[in-house]
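> Sequence and predicted structure below; questions after.
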Amino acid sequence: MQGFLNSTMDKLKVRDDTLEATMTTLKKQVEELKKELIVYKVTLGNGMLASGLKINVLKLKEFKRKRSTRDVDNSLWRMEQYFFTMKIENDATKNEFRKKFHPQYAKKKGRAKLHRLTQQRTIQEYY
């Protein structure tokens, strides 16, 4: 009878050691997951804060006169940065905004002004 109890106790000790090792491993994994969760929460929290903030971006000036290619490129780049900063993703909103500043729009506007331009005096009076 004592032999049976000893063998049962040995088996229980082995199982107990196995369970303790498993519990230790699981505790380590839980701690690692908690650390990961904190990192994800911070990352998502910062992303949510960044998307919720409104940043004042300088408004672009309309094209009113002849500009160099570099100025046009810089203006278009600033416009794209404005869209990115303000998180404007809707194409309709982008197109509406671009109409105000796009060189083609300025070209059409300039041509319309030229068509409305009329000579009021003689050429000699302009000098």
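In hand now; what should we look at?

> hey, let's count contacts and neighbours off CA atoms from now on
Fine.

> packing partners for the one helix or strand Ala106 maps to?
If you go by DSSP states H and E, Ala106 is part of helix 103-116. Contact here means 3 or more Cα pairs under 8 Å, 6 or more residues apart in numbering; DSSP states H and E; on that basis helix 103-116 packs against no helix or strand.

> quick one: average pLDDT of that helix?
In this model, helix 103-116 carries a mean pLDDT of 76.

> Now the element after that helix, going C-ward?
Later in the chain than helix 103-116, the nearest helix or strand by DSSP H and E is helix 123-126.

> how about the CA coordinates for that next one, as PDB?
Taking Å, rounded to 0.1, in the frame of the first residue of the first chain, the C-alpha atoms of helix 123-126 are listed here in PDB:
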ATOM      1  CA  ILE A 123      -3.100 104.000 -78.500                       C
ATOM      2  CA  GLN A 124      -1.300 107.300 -78.400                       C
ATOM      3  CA  GLU A 125      -3.200 108.300 -75.300                       C
ATOM      4  CA  TYR A 126      -1.900 105.300 -73.400                       C
END
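
> What ranges in this protein fall below the confidence cut-off?
Within the chain, the ranges that satisfy pLDDT under 70 run 44-68, 86-95, 97-105, 126.

> Could you list the buried residues of the host helix or strand of Trp77?
Per DSSP H and E, Trp77 falls inside helix 69-86. Buried residues in helix 69-86, counted by 16 or more other Cα atoms under 10 Å: Val72, Ser75, Leu76, Arg78, Met79, Tyr82, Phe83, Thr85, Met86.

> top helix in this structure by residue count?
Ranked by residue count and defined by DSSP state H, the top helix of the chain is helix 2-52.

> now the angle from it to helix 69-86?
130 degrees (axes from the mean of the first three to the mean of the last three Cα atoms, to 10 degrees).

> now the helix holding Trp77 against helix 103-116, angle please.
Between helix 69-86 and helix 103-116, the angle comes out at 120 degrees (the same axes, to 10 degrees).

> CA-only coordinates of helix 69-86, as CSV, when you get a sec.
Once non-C-alpha atoms are left out, helix 69-86 reads as follows in CSV (Å, rounded to 0.1, in the frame of the first residue of the first chain):
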residue,chain,number,x,y,z
THR,A,69,7.1,76.9,-63.8
ARG,A,70,8.9,76.6,-60.4
ASP,A,71,6.2,78.7,-58.7
VAL,A,72,3.5,76.6,-60.2
ASP,A,73,5.2,73.4,-59.1
ASN,A,74,5.8,74.7,-55.6
SER,A,75,2.1,75.8,-55.4
LEU,A,76,0.9,72.4,-56.5
TRP,A,77,3.2,70.7,-54.0
ARG,A,78,1.9,72.9,-51.2
MET,A,79,-1.6,72.1,-52.3
GLU,A,80,-0.9,68.3,-52.0
GLN,A,81,0.7,68.9,-48.6
TYR,A,82,-2.4,70.8,-47.5
PHE,A,83,-4.7,67.9,-48.6
PHE,A,84,-2.4,65.5,-46.7
THR,A,85,-2.3,67.6,-43.5
MET,A,86,-6.0,68.4,-43.4
